[in-house]
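> Could you look at this predicted model? Sequence included:
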Amino acid sequence: MNWDETTDSPAAGAERLVGSVADREDQAVEAALRPKDLGEFIGQEKVREQLDLVLRAARARGATADHVLLSGAPGLGKTTLSMIIAAEMGAPIRITSGPAIQHAGDLAAILSSLQEGEVLFLDEIHRMSRPAEEMLYMAMEDFRVDVIVGKGPGATAIPLELPPFTLVGATTRAGLLPPPLRDRFGFTAHMEFYEPAELERVVHRSAQLLDVEIEADGAAEIAGRSRGTPRIANRLLRRVRDYAQVKADGLITRDIAGAALAVYEVDPRGLDRLDRAVLTALLKLFGGGPVGLSTLAVAVGEERETVEEVAEPFLVREGLLARTPRGRVATPAAWAHLGLTPPGPRGGGTGGNGQGDLFGA
Ligand SMILES: Nc1ncnc2c1ncn2[C@@H]1O[C@H](COP(=O)(O)OP(=O)(O)O)[C@@H](O)[C@H]1O
Ligand SMILES: [Mg+2]
């Protein structure tokens, strides 16, 4: 699976209802929805089991846990897990992020003020500056930093001992981390997208915390449109709750969820207006492709980058669109999803049955 789908830049559609980066409202409400311990954390069975062992063993030894790297797309629970690690270790947590650390000195200040056993959560660790990164190597390995005092030829490095701490790094792109940094983590957890059944549990749990009444079918409807991402599930739940309050008696049924998300143009597969515009252009204007990215972008009236970075990754992940050397190509599933019939000699008949010819030579 690739994480490219969701860059962590705000330009990647943070304001879309189905965007996976946290918007202001998410930030305000997420704290209340975060599972507090591993037992409450839904899904990610492998990661949970492995992390449980790492933490238990450290606790039994009375030691500080090994450094942990969490990689995965936005909204899958990295920040939540970092807090859980601290909670499970009974340790305080300090939260910062790569972009917040401009200079090595910023990092030195944080590191030198850590308490013994503290968890340092470094979000977007791949966006840290090079000098800070190098300081971090030594801190992770030897619990020591060299603080540079003075400037120019007279500058001296003063070694500073650090208390043992646990670094929890989070990244949307494990591949972007320099190997020396990656190697200094004792444990790396790759977070996967969630299965619909897991997202249903997320929706039920959040509904309970938000005091919202929801039927099983209603939760399934929301889960199915949430793109494998708990953050999106929680956001759709809030919009559906609003609709249920205004248009009905507050109870979320399948019909209410479907009607609410139709208002917000989130279709049953979690595609929004932009995704559908791209697919529709590809199918109706270009017969399913292949067509170049720029041509496709012009046809939907969007920037090239928007189509490529915001819409396409999910379409590719869903198996609706393929990027080929000759251009963008719709898959048979795309025709079926939009209820259209592919053209071509053998493409007639029922929608979505145009098989492999669509991929060209
Ligand atoms: N496994 C999970 N179980 C329940 N809720 C989850 C889970 N993972 C994420 N969430 C919810 O999704 C939201 C986003 O999670 P977060 O940890 O901030 O994601 P990330 O840091 O990876 O972007 C939070 O509100 C959190 O409560
Ligand atoms: Mg986060």
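Arrived safely, thanks for sending. Ligands and ions are numbered 1, 2, ... in the order given.

> got the contact list for Ser226?
When contacts are counted by C-beta atoms under 8 Å, 6 or more residues apart in numbering, Ser226 touches 18, 199, 203, 232-233, 236, 270. (Each C-beta comes from the backbone N, C-alpha and C, glycine too.)

> any idea how far the closest residue to Pro196 other than its chain neighbours is from Ala262?
If the residues on either side of it in the chain are set aside, Pro196 comes closest to Ala223, at 4.9 Å by C-beta to C-beta, 6 or more residues apart in numbering. Distance from Ala223 to Ala262, counting by C-beta to C-beta, to the nearest Å: 16 Å.

> now Ala334
In this view, Ala334 and Ala262 are 20 Å apart by C-beta to C-beta.

> who's more crowded, the two?
More crowded of Ala334 and Ala262, by other C-beta atoms under 10 Å: Ala334, with 27 against 12.

> so that one sits in a strand?
No - according to DSSP: H, G, I helix; E, B strand; the rest coil, Ala334 belongs to no strand; its state is helix.

> Just give the nearest non-adjacent residue to it, would you?
Leu320 (4.3 Å).

> pretty sure the one you found is in contact with Val329, am I right?
No - contact criterion C-beta atoms under 8 Å: Leu320 and Val329 do not qualify, at 10.4 Å.

> Right, and ligand 1 sits closest to which residue of the stretch 151-300 of the chain?
Nearest residue of the stretch 151-300 of the chain to ligand 1: Pro230, at 3.5 Å (C-beta to the nearest ligand atom).

> distance of that residue from Gln50?
Counting by C-beta to C-beta, the gap between Pro230 and Gln50 amounts to 19 Å.

> what do you get for Tyr264?
Distance of Tyr264 to Gln50, given as C-beta to C-beta: 37 Å.

> Quick check: phi and psi at the nearest residue to Glu124 once chain neighbours are set aside.
Leaving aside its chain neighbours, Glu124 sits nearest to Gly98 (4.3 Å; criterion: C-beta to C-beta, 6+ apart). The phi and psi values for Gly98, taken as degrees, to the nearest 10, are phi -50, psi -50.

> mind checking how far Gly98 is from Leu320?
33 Å.

> In terms of neighbours, single out the busier of those two.
Leu320 (24 against 20).

> still on that earlier bit, burial count for the residue nearest to Pro196?
Applying other C-beta under 10 Å, I find that Ala223 has 27 neighbouring residues.

> wait, it sits on Ala233?
Yes - Ala223 is within contact range of Ala233, at 6.1 Å (criterion: C-beta under 8 Å).

> Could you pull out the residues contacting both of these two?
Counting by C-beta under 8 Å, 6+ apart, the contacts common to Ala223 and Ala233 are 199, 202-203.

> Now intersect those with the helices, please.
199, 202-203 (DSSP state H).

> so which of the residues you listed comes closest to Ala109?
Val202 (37.0 Å; C-beta to C-beta).

> Is Ala262 in a helix, a strand, or coil?
helix.

> got a list of what it touches?
For Ala262, no residue meets the contact criterion (C-beta under 8 Å, 6+ apart).

> pLDDT value on it, please?
Per-residue pLDDT puts Ala262 at 96.

> what about it, distance to Val119?
With distances taken as C-beta to C-beta, Ala262 is found 43 Å from Val119.

> same deal with Ala311?
Taking C-beta to C-beta, one finds Ala311 at 37 Å from Val119.

> Verify the contact between Gly288 and Pro342 for me.
Yes - counting by C-beta under 8 Å, Pro342 is a contact partner of Gly288 at 5.8 Å.

> Which one of the two is surrounded by more residues?
Neighbours were tallied for Gly288 and for Pro342 using other C-beta under 10 Å; the higher tally belongs to Gly288 (28 against 24).

> What confidence value was assigned to the nearest residue to Leu162 once chain neighbours are set aside?
In space, and not counting its chain neighbours, Leu162 is closest to Phe143: 4.4 Å by C-beta to C-beta, 6+ apart. Looking at Phe143, its pLDDT is 96.

> How about Pro196?
Pro196 is assigned 96 on the pLDDT scale.

> So it sits against Arg225, correct?
No - if you go by C-beta under 8 Å, Pro196 and Arg225 don't touch, sitting 9.7 Å apart.

> Keep the contacts of Ser226, but drop any that are not near ligand 1.
Among the contacts of Ser226, no residue sits close to ligand 1 (C-beta under 6 Å from any ligand atom).

> Might you report the residue contacts of the residue of the stretch 151-300 of the chain closest to ligand 1?
Neighbouring residues of Pro230 by C-beta under 8 Å, 6+ apart: 42, 75-77, 194, 199, 202.

> ok, now with 7 Å
Pro230 makes contacts with 75-77, 194, 199, 202, as judged by C-beta atoms under 7 Å, 6 or more residues apart in numbering.

> Just put those residues in JSON lines and tack on neighbour count and distance to Pro92.
Supplementary listing: the contacts of Pro230 in JSON lines, determined by neighbours: other C-beta atoms under 10 Å; distance: C-beta to C-beta, whole Å:
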{"residue": "Gly75", "neighbour count": "28", "distance to Pro92": "25"}
{"residue": "Leu76", "neighbour count": "27", "distance to Pro92": "24"}
{"residue": "Gly77", "neighbour count": "25", "distance to Pro92": "21"}
{"residue": "Tyr194", "neighbour count": "25", "distance to Pro92": "29"}
{"residue": "Leu199", "neighbour count": "28", "distance to Pro92": "31"}
{"residue": "Val202", "neighbour count": "26", "distance to Pro92": "27"}
